[in-house]
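Novice: need the 3D shape of this:
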Amino acid sequence: QAPIKATCEEDMSCKTGFPEDVHSAVVSRSVHGGQPLLNVRFRSCDGNKKIHFGSSEPEAFRVGEDGVVYAERSFQLSAEPTEFVVSAQDKETQQEWQMRVKLTPEPAFTGASEKDQSKIEDIIFPWQQYKHSSPLKRQKRDWVIPPINLPENSKGPFPQELVRIRSDRDKSLSLRYSVTGPGADQPPTGIFIINPISGQLSVTKPLDREQIASFHLRAHAVDVNGNQVENPIDIVINVIDMNDNRPEFLHQVWNGTVPEGSKPGTYVMTVTAIDADDPNAQNGMLRYRILSQAPSSPSPNMFTINNETGDIITVAAGLDREKVQQYTLIIQATDMEGNPTYGLSNTATAVIAVTDVNDNPPEFTAMTFYGEVPENRVDVIVANLTVTDKDQPHTPAWNAMYRMTGGDPTGRFTILTDPNSNDGLVTVVKPIDFETNRLFVLTVAAENQVPLAKGIQHPPQSTATVSITVIDVNESPYFVPNPKLVRQEEGLLAGSMLTTFTAQDPDRYMQQTSLRYSKVSDPANWLKIDPVNGQITTTAVLDRESIYVQNNMYNATFLASDNGIPPMSGTGTLQIYLLDINDNAPQVHPKEATTCETVQPNAINITAVDPDIDPNAGPFAFELPDTPASIKRNWTIVRISGDHAQLSLRIRFLEAGIYDVPIVITDSGNPHASSTSLLKVKVCQCDLNGDCTDVDRIVGAGLGTGAIIAILLCIIILLILVLMFVVWMKRRDKERQAKQLLIDPEDDVRDNILKYDEEGGGEEDQDYDLSQLQQPDTVEPDAIKPVGIRRLDERPIHAEPQYPVRSAAPHPGDIGDFINEGLKAADNDPTAPPYDSLLVFDYEGSGSTAGSLSSLNSSSSGGEQDYDYLNDWGPRFKKLADMYGGGDD
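Specialist: Alright, predicted model coming up:
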């Protein structure tokens with residue numbers, strides 16, 4: 001290391017100011033921001049002065065209050081010395097002193113070897129300042145230890161000596177040296193070591209600037225007892241950067257866009273690469289350039305890049321998305337300020353998409369479009385207008401908008417845009433009458449949703465003509481007017497001509513016969529219409545009081561039909577406003593009333609009801625008839641309003657009962673209409689409150705004819721139901737008796753024993769269930785079985801032998817005797833089948849678990865009979881055939 005040399009002139013006399021006019025110092029070529037460079041000394045004869053230091057280049061150098069000069073920013077020293085002025089100013093007297101500082105870069109570092117120990121510089125601890133009684137004492141000026149610059153990735157050998165630290169007192173004292181700080185005794189430890197005796201500071205391994213750019217150590221000198229001999233000095237070791245890192249792009253693929261038709265100089269995008277090396281040195285200074293462009297049309301150099309910032313801009317005109325939609329650029333970043341020989345480089349890809357602008361208007365594919373539409377049809381598409389647009393589909397620059405510029409003054413058409421095909425759909429929105437308009441010629445224009453870009457020479461819109469033909473169809477006839485109102489007095493007799501209701505056919509250009517008329521709706525069935533001329537006549541008397549008349553209005557609907565293809569029809573409504581006539585006499589309401597036997601209280605309020613309306617209704621006149629005379633003698637009536645009157649007893653007492661009181665009511669019509677209404681009055685005994693008592697109310701109420709008929713019908717229905725139930729019960733008993741099982745003795749040789757399909761233990765099992773036996777007394781005596789008469793299952797295949805006939809003795813009354821007699825008869829009757837005995841055994845196949853049938857041995861001379869025919873009777877008689885037909889065995 002080359003030492004920093006500072007020279008000054010020493011003067012024995014005290015003079016305030018800088019000791020020299022020019023201060024020279026040697027520093028490293030690479031200067032970092034905040035790095036201490038040198039220490040300037042200012043001598044003040046009056047120690048109380050407050051001195052402020054300044055620099056002529058404050059943006060590059062700063063002078064501390066202690067006189068240390070620091071670098072304000074990082075920079076590289078040129079080969080020529082760098083000069084600036086350091087000033088000192090007294091804050092009280094404003095007196096100022098100046099000194100010029102000259103910085104010279106140190107020569108390149110060559111390293112040191114073990115064989116060249118003499119080249120290792122010594123760092124000597126500065127003398128301490130001693131204070132004696134004399135005002136002035138010669139002392140050695142302090143040194144500012146310059147940084148030690150050590151290149152990274154050094155190949156050694158290690159440990160590699162850097163500098164020797166010693167104190168002037170090592171001649172009189174035995175000293176020990178040490179260093180502290182990160183890289184020595186703090187992590188990462190062991191990078192720097194010092195010989196405690198000689199003070200040689202060494203590095204033990206290669207350094208990496210990208211991990212740690214500088215180390216700040218502190219050197220100490222102590223005696224053998226550990227007492228501090230010198231003040232610690234700071235040692236700064238800067239790791240000099242080597243170009244050992246390639247530039248790296250932040251993204252391998254960069255995406256950008258540029259509108260088509262952009263002018264040269266249009267900014268597109270910025271690519272960025274970083275280098276781990278020192279960005280303030282050439283190792284980290286990057287330069288960009290474009291290696292290739294694809295495609296190369298219309299020019300191979302459509303873009304350029306700022307070699308320092310990485311900004312990509314256009315340099316040529318002619319960007320057209322319809323021709324080239326995307327460009328791919330290969331970008332290279334090289335350090336060493338782009339030096340192709342020594343710099344390291346890397347590449348990335350920039351993909352630039354050319355975005356669409358509206359530089360192509362829509363153009364119709366034809367000058368004239370044709371369509372047709374049936375008359376009176378709406379919401380139908382009559383024509384498709386097709387356009388072409390070279391811009392990007394489904395963008396505002398491609399989407400077309402259509403508008404009509406002429407030919408549709410009444411607004412019967414509209415044009416919608418199909419979002420998928422971009423076609424214009426001409427649609428009918430209002431009905432069109434063929435008889436009025438047979439042909440429409442529309443003028444339409446198409447343009448984009450956004451205006452054309454500036455500088456485009458094409459017209460902004462395209463125009464075309466649409467010819468639409470209207471097709472004549474058979475239209476429905478219509479009544480005029482509809483509805484038609486007719487005013488007519490009620491009471492018009494049947495067969496009277498009321499009015500004529502006709503329709504018109506709008507089809508003037510179709511060959512059709514006259515219209516036909518028919519009736520659709522006539523709720524009261526009062527009218528009929530002539531099918532040819534539409535004349536309407538009555539079929540019944542018109543009555544305003546009918547339930548089919550609402551608010552004096554009667555509505556009927558008629559139909560008019562033509563004979564077109566297809567036939568069409570239309571309906572019309574005839575409204576008949578019926579004028580009232582006095583054709584209804586008033587009636588009393590209610591029809592029944594209740595009053596007390598005595599005069600007080602005995603008033604009955606009645607109301608006159610007339611279906612007619614004013615002036616053929618109220619006010620009404622109420623009176624009692626002259627006959628019979630008892631009416632006026634017992635009753636009196638007084639009108640209390642135009643529609644109401646009050647009926648009361650004229651006599652003091654009237655016996656309880658039901659009385660029919662005729663009342664004559666006359667309306668105000670012209671002529672008047674009157675009627676005699678019967679009011680059924682129930683006279684009853686009343687309590688103090690004027691209410692009928694319960695008994696009298698029941699007696700007086702009575703039953704009407706309808707109530708009596710209803711009661712009689714209920715009684716008759718109830719009697720019929722009872723009779724039908726009795727008949728059903730008797731019939732059920734007869735059916736139950738008819739279903740009882742009666743066995744014919746001729747068909748059942750087992751007499752009265754029922755078959756119950758149960759196998760027992762033979763004849764020895766005598767515990768019978770007598771409930772299963774029929775009563776023998778209820779069965780007719782068994783008739784004598786004629787000779788030769790057999791059951792169907794007894795048919796032999798050879799001649800029938802003659803056997804004694806079973807006696808036809810009557811059944812005994814005792815069940816036990818009856819069974820015994822039956823058993824004897826069965827044993828002695830060879831013509832009976834073998835199962836015609838007390839027990840029934842069904843054939844169950846070979847190996848039957850049934851016991852021996854030896855009990856069937858007959859007591860008669862069986863040996864004289866031939867039983868071979870049993871073999872012909874089937875498997876059920878196989879056992880008997882073996883027993884009786886097997887010979888002596």
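
Novice: what's the average pLDDT for stretch 716-723?
Specialist: Mean pLDDT, stretch 716-723: 93.

Novice: mind checking the SS state of Ile631?
Specialist: Secondary structure of Ile631, reduced to three states by DSSP: H, G, I helix; E, B strand; the rest coil: helix.

Novice: typo on my end, it should be Lys49
Specialist: coil.

Novice: from Val85, how far off is it?
Specialist: Taking C-beta to C-beta, to the nearest Å as the criterion, Lys49 is separated from Val85 by 20 Å. (C-beta placed from N, C-alpha, C; glycine too.)

Novice: which residue packs closest to Val236, ignoring adjacent ones?
Specialist: Leaving out its chain neighbours, the residue that sits closest to Val236 by C-beta to C-beta, 6 or more residues apart in numbering is Pro147, at 4.1 Å.

Novice: what sits against the one you found?
Specialist: With contact taken as C-beta atoms under 8 Å, 6 or more residues apart in numbering, Pro147 is in contact with Ser28, Gln35, Ser214, Val236, Ile237, Asn238.

Novice: over to Ala60?
Specialist: Ala71, Glu72, Arg73, Phe75, Phe84.

Novice: coming back round to it: I'd like the contacts of Pro147 as a markdown table, with distance to Asn551, pLDDT and secondary structure appended.
Specialist: As requested, the contacts of Pro147 are exported to a markdown table (distance: C-beta to C-beta, whole Å; pLDDT from 0 to 100; DSSP: H, G, I helix; E, B strand; the rest coil):
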| residue | distance to Asn551 | pLDDT | secondary structure |
| --- | --- | --- | --- |
| Ser28 | 117 | 78 | coil |
| Gln35 | 111 | 81 | coil |
| Ser214 | 110 | 91 | strand |
| Val236 | 115 | 92 | strand |
| Ile237 | 116 | 92 | strand |
| Asn238 | 113 | 91 | strand |
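
Novice: can you convert those into a markdown table and add a column each for distance to Ser677 and neighbour count?
Specialist: A markdown table is the format used below for the contacts of Pro147 (distance: C-beta to C-beta, whole Å; neighbours: other C-beta atoms under 10 Å):
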| residue | distance to Ser677 | neighbour count |
| --- | --- | --- |
| Ser28 | 139 | 22 |
| Gln35 | 133 | 19 |
| Ser214 | 132 | 18 |
| Val236 | 136 | 16 |
| Ile237 | 137 | 22 |
| Asn238 | 135 | 20 |
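
Novice: in JSON lines: the residues you listed, plus distance to Val450.
Specialist: Shown next, in JSON lines, are the contacts of Pro147 (distance: C-beta to C-beta, whole Å):
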{"residue": "Ser28", "distance to Val450": "62"}
{"residue": "Gln35", "distance to Val450": "59"}
{"residue": "Ser214", "distance to Val450": "59"}
{"residue": "Val236", "distance to Val450": "64"}
{"residue": "Ile237", "distance to Val450": "65"}
{"residue": "Asn238", "distance to Val450": "61"}
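
Novice: quick one: stretch 603-614 to chain centroid distance?
Specialist: 67 Å (C-alpha atoms, centre = their mean, to the nearest Å).

Novice: my bad, stretch 302-311
Specialist: Distance of stretch 302-311 from the chain centroid (C-alpha atoms, centre = their mean) equals 50 Å.
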